[in-house]
Structures are given as C-alpha cells and as structure tokens.
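> Next input, structure requested:
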Amino acid sequence: MTSDAHSSDYPGKSIGLPQTGPGKLATLPRRIGAFATDWAAVVLLSAAFFDYAWWSELMIFVLIQALFIPTAGGSPGHRIWGLRVMRPDGSWSGPWRPLVRALLTVLVIPAAIWDENNRGLHDVLVDTVLVTSR
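You can find the predicted model right below:
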C-alpha cells in the first residue's frame with residue numbers, strides 16, 4: 001500500500017493543509033452557513049436599495065465578496081462562521097482572485113463541482129481555499 005492510500009489521508013493533505021484546527025478545510029455545514037448569512041445580507045440590501053431586482057442580488061454578492069475577502073480575509077458570512085479565504089500556501093488572496101471567485105460562484109456550477117480536496121471549482125481555478133480560522 002502506498003502512502004497515498006493510507007486511511008489517515010484526508011481532504012486538504014495533498015495541498016499542505018492540517019487535518020484539524022485552524023487552517024483545516026472548511027466543513028460543508030460552515031460553508032452553507034456562511035453562504036446563507038451572506039445571502040441574507042444580499043437580499044436585505046437588494047430589497048432596501050434596488051426594489052429586490054434580480055440583478056442587484058448578484059451585483060451585491062460579487063461586491064461583498066470582492067471587497068471583504070482581500071481586506072478581511074473573508075466575507076461577513078465567512079468571518080461570522082469562523083472561515084477565511086486564502087491561497088493554499090497560506091498567503092493573501094490578492095485583489096483579483098476574490099473577484100473572479102465571486103463571479104464563478106454566481107454561475108453556481110463551479111461552486112457545485114468539488115475536487116478530492118473538497119475545493120469547489122471556483123476555488124481551484126483561482127488557487128484559493130476556504131479554511132477554518134478558529
């Protein structure tokens with residue numbers, strides 16, 4: 001049996017992430033919680049300022065992601081749920097990755113396709129990862 005097939009392998013190991021503690025891959029319940037938190041804010045802002053126009057929801061979502069990920073390490077939903085977005089090596093995501101990541105997320109399909117490290121295609125394509133911050 002090779003080291004790749006050991007039962008101690010876990011999602012994120014091949015990209016250098018820990019199995020437990022801060023910096024491990026975000027779990028699905030936290031990801032859903034963070035998205036739901038962000039979407040609730042998006043709906044409230046859309047209803048308050050844009051009469052709940054469908055395009056305003058997408059615009060607000062992308063704007064929140066593009067502003068908060070590079071400056072706070074994650075969207076308000078990410079931060080509330082104890083998550084952050086970073087590069088797999090732990091470095092800053094930079095300004096363009098969050099924007100492209102958000103645009104891919106609103107297309108839905110890239111966020112629904114996951115790799116062996118439980119990263120959505122939107123994260124794989126921009127070389128980011130959603131991890132726990134606590």
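
> Find the residue closest to S133 in space, skipping its chain neighbours.
Once flanking residues are discounted, S133 sits nearest to R84: 4.5 Å by CB to CB, 6 or more residues apart in numbering. Glycine gets a C-beta too; all of them are placed from N, C-alpha and C.

> so the one you found makes contact with S75?
No. Using CB atoms under 8 Å, R84 is not in contact with S75; the gap is 9.8 Å.

> Between the two, point out the one with more neighbours.
Between R84 and S75, S75 has the larger neighbour count (other CB atoms under 10 Å), namely 26 against 21.

> re the thing from before, tell me which element the residue nearest to S133 is part of?
Applying DSSP states H and E as the criterion places R84 in strand 83-86.

> what comes into contact with that strand?
Residues outside strand 83-86 that contact it (CB atoms under 8 Å, 6 or more residues apart in numbering) are 26, 30-31, 34, 69, 73-74, 78, 92-93, 98, 101, 128-133.

> I'd like to know which of the residues you listed are buried.
Among the contacts of strand 83-86, the ones that count as buried by 16 or more other CB atoms under 10 Å are 26, 30-31, 34, 69, 73-74, 78, 93, 98, 101, 128-133.

> Please report how far S75 lies from F68.
5 Å (CB to CB, to the nearest Å).

> what's the longest helix seen in the chain packed up against?
Determined from DSSP state H, the single longest helix within the chain is helix 28-50. Applying 3 or more CB pairs under 8 Å, 6 or more residues apart in numbering; DSSP states H and E, we find helix 28-50 packed against helix 54-72, helix 76-80, strand 83-86.

> Out of those, which one sits most buried?
Highest mean neighbour count of the helices and strands packed on helix 28-50: strand 83-86, a mean of 22 (counted as mean count of other CB atoms under 10 Å).

> burial count for R119?
Using other CB under 10 Å, R119 has 23 other residues around it.
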